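A.B. asks: this one's structure only:
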């Protein structure tokens, strides 16, 4: 939101405040001034007249000029292509300080130069306010510009100071300069004087104008015919205020429509009366066609867009931009004024889809006060009569209901102070409401206020309390502790599991990653263990950020690819993230291992990042969080052989529910992602959380010796080694003492080849026996050992290899 010192000075006396002082006071009251700077700057400037202009003797682009500046004539070397004799120009004399530095006397290619003929952008004027011609050369002033005048910037209306104010969503009312002026007056506790234009539009004769709205998205539409107007140059004050707002002056009529929008916050549109057939305007939607707007560009209308029409033909995109065929021209003899309320959501959607952000659409999107259309119509008619010789005025035609919301709120000084922790008197509180034009009435200690129509943000006690403290000053808030019930600060069950998961994987040497939640279509299609149907953004920032992801692995594989490309060959990564889909949300865990997990080069030892390492990490993790080992089941992967190697991957089950996939990446998928041999996994953390956990039990370390025996069995090649291990564990109990003396079973070799049949394999297993009660005898171990051999032969058809 832009405003300026000149603009605010029309309403409030601020002459005694510097630009920074005013900005500080406005910011302290809750409207943050994001920037304040002069519209232009420069010292020792004067208006001069170019007497002569000759080519420089030693240059193909410079000119040597003589410029009369009132009390003397200066020789100045100028490089502007448009300089010519007879022009009135802005001269920076020697010693002048400009935004680009100080101007000094000097020799330019052996010719003396005693100053500089200036362009406006060299004096700090925003280039966006200038035409291409102004940006290409020096500023040529009107022929009647007074030579010798020492304030050329003031002569041009650039002697102003600009404020950029960041409006919070609840203060859209301050989009209107009138409302901002009242706000500044309340902040400074000074009288505010606004132009008197109330009911200026309540005039006119009978009219043939027909106004209609065929859509609920336009609840109010005002129209008025101005049969005769004069197109001419705008008054100086109007042009200067438009400059301050960053807008160009066109002519008096177009400028009035813009100035009224800036003053009241209500966009309005003026149509050439000759372009509106039969003086009929209808608001409707349902169009699906191309339309040429006021900027000359062609836009495609969709059925949901609100459109202004004449005899069924579009003449404007409602709330955004009018049409090229009904704009105001120098030949325009009369007007039809449109002033309406439109649904802000529809305006926002249309403006965003068409990529058409205008001053009008921005105001509709943020919200406009209910009475703004009436105020804008009154002000427009007043200015048209005063500055455009408006005559033959028709009566105002209205479609819809104009409602003035009379919000009445009550409070007491005690209620305000209890909320703020202050001790303001009733008189202080009433004075604040009076400054804000809330019309306070005090009766029996109760303060009743009537909220003006522009303060749509005022709804209850909290809002009244905020107004009191921001006007009286936040520095008056004492240090107090709030009264609130005490709550126990701890993690819930899911948060605890996630925290434990992070710690366990970090302890194993993996690095935690955080990748983007929004992904491309390609990554969306490559989802592993997707949590549901992906959600597409309505307005994505780019194609790379179009979808809300339903899987972590595609993003984490991208991290591994980045590291490989930058020479980091050994990476161990994991990520925990909440995934969203149309079915809901889920927490997932993804793991990516690349190269070597651990390595000690001095000892020539390493832990390869292969399937078994990944499997071991996940099994150890599940054991640590209390998942019973008997419920963990790994099956050959048949669910996803697109992303996983079909013979080096597995499905992870807890009981009967599949909770994850793990294994080596499929070579084709690896090549598509520019990675080598990765081991990857994705687990459903929510499903793991739901599994009943066993309490982790601890027992003392046995003080009795352990005994290990290594065995090799020949079994069918298709028999899983896990079945052999489970069989051994089931028969590890001493039949006399009923104590389980089998402490550990470990596969340390599998052999297939010579001396073993083609359909068989040799599985070497190490078995450890130990008792927590006594030293084991050979007889005890042999008895358990024999029962194990018997069970293996019977259940696994295993033959002890000699």
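C.D. replies: Cool, got the structure. Source: prediction; values computed, not measured.

A.B. asks: Quick check: closest non-adjacent residue to residue 15.
C.D. replies: Distance criterion CB to CB, 6 or more residues apart in numbering; nearest residue to residue 15, sequence neighbours excluded, is residue 9 at 7.2 Å. Where C-beta positions appear, they are placed from N, C-alpha and C, glycine not excepted.

A.B. asks: How about residue 312?
C.D. replies: residue 282 (7.8 Å).

A.B. asks: Surely residue 434 touches residue 440?
C.D. replies: Yes - if you go by CB atoms under 8 Å, residue 434 and residue 440 touch, sitting 5.9 Å apart.

A.B. asks: These two: which has the busier surroundings?
C.D. replies: Under the criterion of other CB atoms under 10 Å, the comparison of residue 434 against residue 440 puts residue 440 first, with 18 against 14.

A.B. asks: low pLDDT regions in the stretch 701-802 of the chain?
C.D. replies: 802 (pLDDT under 70).

A.B. asks: where's the residue nearest to residue 632 when sequence neighbours are not counted, which helix or strand?
C.D. replies: Nearest residue to residue 632, sequence neighbours excluded (CB to CB, 6+ apart): residue 622, at 5.9 Å. Taking DSSP states H and E as the criterion, residue 622 maps to helix 611-624.

A.B. asks: Repeat that for residue 723.
C.D. replies: Residue 723 belongs to helix 721-730, assigned by DSSP H and E.

A.B. asks: ok, and for that helix, which residues are buried?
C.D. replies: Going by neighbour count (16 or more other CB atoms under 10 Å), the buried part of helix 721-730 is 724, 725, 727, 728, 729.

A.B. asks: wait, doesn't the residue nearest to residue 312 sit right on residue 218?
C.D. replies: No - taking contacts as CB under 8 Å, residue 282 lies outside contact range of residue 218: 9.8 Å.

A.B. asks: Compare those two and say which is more crowded by neighbours.
C.D. replies: Legend: neighbour count by other CB under 10 Å for residue 282 and residue 218, higher for residue 218 (24 against 20).

A.B. asks: Could you report the separation of the more buried one from residue 212?
C.D. replies: Counting by CB to CB, to the nearest Å, the gap from residue 218 to residue 212 is 10 Å.

A.B. asks: Residue 697 now?
C.D. replies: Taking CB to CB, one finds residue 697 at 80 Å from residue 212.

A.B. asks: who's more crowded, these two?
C.D. replies: Per other CB under 10 Å, whichever of residue 697 and residue 212 has more neighbours is residue 212, with 16 against 6.

A.B. asks: what about that one, is that helix, strand or coil?
C.D. replies: Secondary structure state of residue 212, per DSSP: H, G, I helix; E, B strand; the rest coil, is strand.

A.B. asks: in the sheet, who's paired with it?
C.D. replies: residue 282 (DSSP bridges).

A.B. asks: Name all residues that make contact with residue 170.
C.D. replies: residue 457 (CB atoms under 8 Å, 6 or more residues apart in numbering).

A.B. asks: so how far is residue 395 from it?
C.D. replies: Distance, residue 170 to residue 395, by CB to CB: 37 Å.

A.B. asks: and what of residue 50?
C.D. replies: For residue 50 relative to residue 395 (CB to CB), the value is 55 Å.

A.B. asks: Identify the residue nearest the geometric centre of this protein.
C.D. replies: residue 541 (9.7 Å; CA atoms, centre = their mean).

A.B. asks: Need phi/psi at it.
C.D. replies: Dihedral pair for residue 541: phi -70, psi -30, per degrees, to the nearest 10.

A.B. asks: and what of residue 781?
C.D. replies: phi -70, psi -40.

A.B. asks: low-scoring pLDDT stretches of this protein, where are they?
C.D. replies: Using pLDDT under 70, the chain drops low at 482-484, 696, 802.

A.B. asks: make it 80
C.D. replies: 480-488, 603-604, 693-699, 801-802 (pLDDT under 80).

A.B. asks: Tell me if I'm right that residue 540 and residue 521 touch.
C.D. replies: No - counting by CB under 8 Å, residue 540 does not reach residue 521; the two are 10.1 Å apart.

A.B. asks: Common neighbours of those two, please.
C.D. replies: residue 546.

A.B. asks: what's the distance between the residue of the chain positioned farthest from its centre and residue 419?
C.D. replies: Within the chain, residue 779 marks the point farthest from the mean C-alpha position, 75.4 Å out by CA atoms, centre = their mean. Residue 779 sits 84 Å away from residue 419, going by CB to CB.

A.B. asks: Name the residues that touch stretch 132-152?
C.D. replies: 45-49, 68-71, 78, 80-83, 87-90, 117-121, 127, 155-156, 159.

A.B. asks: in that stretch, what counts as buried?
C.D. replies: For stretch 132-152, by 16+ other CB under 10 Å, it's 134, 138, 139, 140, 141, 145, 147, 149, 152.

A.B. asks: Which two among those are spaced furthest apart?
C.D. replies: 134 and 147 (20.9 Å; CB to CB).

A.B. asks: Give the buried residues for stretch 398-405.
C.D. replies: Applying 16+ other CB under 10 Å to stretch 398-405 flags 398, 399, 400 as buried.

A.B. asks: List phi and psi for the second one.
C.D. replies: Meaning residue 399. phi -120, psi 120.

A.B. asks: wait, what's in contact with it?
C.D. replies: Per CB under 8 Å, 6+ apart, neighbours of residue 399: 211, 212, 213, 220, 221, 222, 223.

A.B. asks: State the distance from it to residue 210.
C.D. replies: 9 Å.

A.B. asks: same check, this time on the first one
C.D. replies: For residue 398, the distance to residue 210 (CB to CB) stands at 12 Å.

A.B. asks: Please apply the same query to the last one.
C.D. replies: When CB to CB is applied, the distance between residue 400 and residue 210 equals 14 Å.
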